[in-house]
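>>> What follows is a predicted protein model with its sequence.
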Amino acid sequence: MTALQRCVTAPAGRHGASVIFLHGSGDTGQGIREWIKQTLKKDLAFQHIKVVYPTAPVRSYTPMMGALSTVWFDRYKISNECPEHLESLESMSQHLGDLINEEIKAGIPKNRILLGGFSMGGAMAMYLAYKYHQNVAGVFALSSFLNKGSVVYQVLQNNSTLPELFQCHGALDELAFHSWGKETNLALQSSGVPTTFHSFPNLYHELSKTELENLRSWILKKLPEEATAPRN
């Protein structure tokens, strides 16, 4: 697979940290960036943090009767009860790992990189971080869930230091049910992941301004601007 297409919100000042934000199924990096911009009335932008919005490759998607769509992985169905489609999850983990390595080569330590996303993007970020990149700065998942039998839960056993999970979910979500998100949070918490879970009572499967403002505050808490060395 060729390098993933992406759009970027560059930092206003010196680049000292990175956020990789994964879109939901059928969307694009540019699409989620525009949705965030419309919701916040401005870009999710920072003085020192670069925000990268990659676009998933086009692939056959089983819940759409095999139609082609921009999805991070395939699902047997949209449910937390079925097995994970491990072949597609593993393949995409490798390609997103390449994206993380690009940031590292640009001088950003892995503990200054956050992974997260909306819906399928959040699920992909949780799988990627907790299975393969447990030394990132943190993980966020908006309207997302992991399947009950996820291999992630097996991998996390006997790990002491894990990145914090910031999770948000609308109580009225009719696609990825709120209960699925909450169950994921509790299961990760019982596996040693420090978690927070924010419920939004009037929110469907969508983004909200309050949610994104809370996310922005959390990003700044996890990736504070580093003090520059004094000049002689």
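Nice, I can see it.

>>> which residues of this structure score low on pLDDT?
1, 158, 227-232 (pLDDT under 70).

>>> What lies in contact with the lengthiest helix in it?
The helix spanning the most residues in the chain, taking DSSP state H as the definition, is helix 86-105. Under the criterion CB atoms under 8 Å, 6 or more residues apart in numbering, residues 1, 3-4, 6, 18, 20, 22, 50, 52, 54, 56-57, 59, 72-74, 110, 113, 115, 124, 127-128, 131-133, 136, 151 lie in contact with helix 86-105. Glycine gets a C-beta too; all of them are placed from N, C-alpha and C.

>>> Helix or strand next in line after that helix, which one?
Downstream of helix 86-105, the next assigned helix or strand under DSSP states H and E is strand 113-118.

>>> Contacts made by that following strand with the rest, please.
Residues beyond strand 113-118 that count as contacts (CB under 8 Å, 6+ apart) turn out to be 17-24, 32, 100, 103-104, 122-125, 128-129, 133, 136-144, 166, 207, 215, 219, 222-223.

>>> quick one: the strands in this structure?
Along the chain, the segments classed as strands by DSSP state E run 6-9, 17-22, 49-54, 58-61, 67-70, 113-118, 138-142, 164-170, 195-200.

>>> quick one: the spatially most central residue of the chain from Gly122, how far?
With distances taken as CA atoms, centre = their mean, the residue of the chain nearest its centroid is Gly116 (1.6 Å). As judged by CB to CB, to the nearest Å, Gly116 and Gly122 stand 6 Å apart.

>>> what sits in contact with each of those two?
The contact lists of Gly116 and Gly122 share 22, 140-142, where a contact means CB under 8 Å, 6+ apart.
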